[in-house]
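Novice: Pasting the sequence and the predicted coordinates here, then a few questions.
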Amino acid sequence: MAPHGNPEAPASAASEINREAPKVAATNAEGTTTAPASGPDVASHGAKEETPWSLWEVFVRSSRGLSHVHAGSLHAPDAAMALRNARDLYTRRNEGVSIWVVPAEAISSSDPDSKGSFFESPQGKDYRHATYYTKSEGVKHL
Amino acid sequence: MTSKDVNTTDTDFAIEGHGDISVGVHGAGASGDGSASATRITPGNALRPEDIALEIQRGQVRPSEDVAEFALRIGDDGLILAQRLGHWISRAPELEEDIALGNIALDQLGHARSFLTYAGAAWDKSEDDLAYFRREHEFRSAHLFEQPNGDFAVTIARQFIVSFYQYELYTKLIESTDATIAAISAKAVKEVDYHRDHSAQWVLRLAGGTDESRARIIQGFKLVWPYVDELFEDDELTTRLAEAGVTVQPSSLRAEFDRLTGEIMAEAELEIPGVPQALGGGRRGKHSEFLGYILAEMQVLAREHPGASW
């Protein structure tokens, strides 16, 4: 799905809106309307019943031919809004031509405490680098 | 500090250093050539208000009185809305939405700057002269744009109407016989297309969210819908300009606006509010009580310290 409509095709653009995007869940456990605590921000924050938005990791491809690179993270209620928030947060200075968003919980990461066993083993094993080969004559771009 | 700590610090620096290279901050060469480096980030090429000012200065463009008056209308729409939306910064329900609304405000401000710069050329005034040193009755924005932000739902309802209206307008203005109006609109229409998507997504979510959010978006539409008709009113100026091919009659945009907004409203299971329409008059300088306060806040610094820069 294109993140937003194609300006060349105005009539159809509105129909590109993602209708399948899951709606914000109504998550009031008791099913009652919690009376918002009085305060200056009630009007803009709504009732204080909502679960917090989930965390998404954002990957931006800065140019054609390059990989998507992790740019940061953000909060969004669903994937469609995560893409839009990512566009607003991470590409406002012309940084990207493509965005991926991934639920943060879907990422498994290596344990920072096992850095030794995970990453120190290759150190010193320079035979794993292509440094023992001599360049053939006439090969320019090696 | 142990040696392990030192190593950690070094690694952090190394990561940052790599980040610099990957975005091409150095080493890419400032050739300005887009193909110079695949990783180079540039601001990109687009029409800026400064470019229009330069063309005016060189005597390459100068709008007629009618075109200037028209540019003033749509420029003022954007300016007043930008001022309204800017108020959300630091106040939106979520940080992400704070930035989204701020971006939209900046887009609108950008359009306003271009249109006001162009309009000012007819009267030898700068964009700042027009923005900061006109009085309330000299503003030509429609009433919708000065309506209070209300809660988030009211702002989204207002934004929904604005962006679908502006999209229809700018799409037509790309064909304008006035090259500057056409160029500004060609840039603006892509941004407004995103505003349309942003507000439509939120209308769907608020309407389909909780009882609370649904009640609020219904109320929001009720508050802003009285100001829809004014956007599509024809008058003598638009008639003359439509004949000249500079713009189209606002009334001709209505059918498509109704169709596209109707689709989303139906999707969201919302009714078009059956509220009477306000009198309008913004295009003739007759404004609601809200504009004066907006101008007071927007103009006070420039008027207290004329010509100040920072």
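Specialist: Everything's here; your move.

Novice: which element follows the longest helix along chain A toward the C-terminus?
Specialist: Longest helix in chain A by number of residues (criterion: DSSP state H): helix A:79-90. Counting by DSSP states H and E, the element after helix A:79-90 in chain order, helix or strand, is strand A:98-103.

Novice: Could you list the buried residues of that next one?
Specialist: Within strand A:98-103, the residues that count as buried by 16 or more other C-beta atoms under 10 Å in any protein chain shown are A:99-102. Glycine gets a C-beta too; all of them are placed from N, C-alpha and C.

Novice: Could you provide those residues in TSV, with additional columns for pLDDT and distance to B:A153?
Specialist: Rendered in TSV, the data for these read as follows (pLDDT from 0 to 100; distance: C-beta to C-beta, whole Å):
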residue	pLDDT	distance to B:A153
A:I99	96	27
A:W100	97	30
A:V101	97	25
A:V102	97	30
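
Novice: Mean confidence (pLDDT) on the longest helix of chain A, please.
Specialist: For helix A:79-90, the mean per-residue pLDDT is 94.

Novice: which other helices and strands contact that helix?
Specialist: Judged by 3 or more C-beta pairs under 8 Å, 6 or more residues apart in numbering or on different chains; DSSP states H and E, the packing partners of helix A:79-90 are strand A:54-61, strand A:68-76, strand A:98-103, helix B:95-120, helix B:179-207.

Novice: right, and the helix or strand after the shortest one?
Specialist: Secondary structure here is assigned by DSSP H and E; on that basis, the next helix or strand after strand A:98-103 toward the C-terminus is helix A:115.

Novice: ok, now the fourth one?
Specialist: Heading C-terminal from helix B:95-120, the first helix or strand you meet, by DSSP H and E, is helix B:127-132.

Novice: hang on, the earlier thing: what is the nearest of the buried residues of strand A:98-103 to B:A308?
Specialist: Of all the buried residues of strand A:98-103, A:I99 has the smallest distance to B:A308: 40.1 Å, by C-beta to C-beta.

Novice: and the gap between the residue nearest to the closest one when sequence neighbours are not counted and B:P93?
Specialist: In this structure, A:I99 finds its nearest non-sequential neighbour in A:A86, 4.9 Å apart by C-beta to C-beta, 6 or more residues apart in numbering or on different chains. Distance of A:A86 to B:P93, computed by C-beta to C-beta, to the nearest Å: 18 Å.

Novice: tell me the pLDDT at the residue nearest to B:A121 when sequence neighbours are not counted?
Specialist: Closest residue to B:A121 apart from its sequence neighbours, by C-beta to C-beta, 6+ apart: B:I56 at 4.3 Å. Note on B:I56: pLDDT of 93.

Novice: Doesn't B:I56 belong to a helix?
Specialist: Yes - the assignment for B:I56 by DSSP: H, G, I helix; E, B strand; the rest coil puts it in a helix.

Novice: how about the buried residues of strand A:98-103, which pair is most distant?
Specialist: It's A:I99 and A:V102 that sit farthest apart of those, by C-beta to C-beta, at 10.6 Å.

Novice: what residues are shared contacts of the two?
Specialist: A:F59 (C-beta atoms under 8 Å, 6 or more residues apart in numbering or on different chains).
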